[in-house]
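*Asks:* Starting from these lines, generate the structure:
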Amino acid sequence: MTYYLAFAGVILLAALAHILIKMGAKDRKNWITSFFNPLTILGLITFILVTLLNLYALRAIELKYIASWYGLTYILVLLFSRKYLREKIDLFKILGVLFIAAGLFIFSFPF
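*Replies:* Next up is the predicted model:
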């Protein structure tokens, strides 16, 4: 059970790390100041934690499930970017989310 909780943390924290890095890179004059922004550094540290949790989850969960369920990260990034970065969601993004959800359904559930 802890393996599945760790993988849920992987999905949530990976999406959060993407948002933190975007927030750290936003409105900076050049890439050097963006890299040393505290939000960017926190995002990179979060990715290290994601890697460690992913290694732990891979001990018990089959790779085919991890690969398919990791697609939820892209959906969460879209939702988080809408809420925290005020980005617009257009038709193509909605179609992308639908394709990811369909792939998750097809590859995760036995027929």
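*Asks:* C-alpha from now on. contacts and neighbour counts both.
*Replies:* OK.
*Asks:* Tell me which residues are up against the longest helix along the chain.
*Replies:* Secondary structure of the chain per DSSP state H: the longest helix is helix 2-25. Residues from elsewhere that reach helix 2-25 (Cα atoms under 8 Å, 6 or more residues apart in numbering): 31, 34-35, 37-44, 46-47, 50-51, 53-54, 56-61, 66, 70, 72-74, 76-77, 80-81, 85.
*Asks:* hmm, 6 Å instead?
*Replies:* Helix 2-25 is touched from outside by S34, N37, L39, T40, G43, T46, V50, L53, A57, T73, L76, V77, with contacts defined as Cα atoms under 6 Å, 6 or more residues apart in numbering.
*Asks:* model confidence over that helix, on average?
*Replies:* Averaged over helix 2-25, pLDDT sits at 96.
*Asks:* before we move on, the earlier item: with distance to I106 as extra columns, can I get the contacts of helix 2-25 in CSV?
*Replies:* Converted to CSV, the contacts of helix 2-25 look like this (distance: Cα to Cα, whole Å):
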residue, distance to I106
S34, 39
N37, 40
L39, 36
T40, 35
G43, 31
T46, 30
V50, 25
L53, 25
A57, 22
T73, 17
L76, 19
V77, 21
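*Asks:* picking that back up, mind listing what's buried in the longest helix of the chain?
*Replies:* Neighbour counts over helix 2-25 (16 or more other Cα atoms under 10 Å) mark 3, 6-25 as buried.
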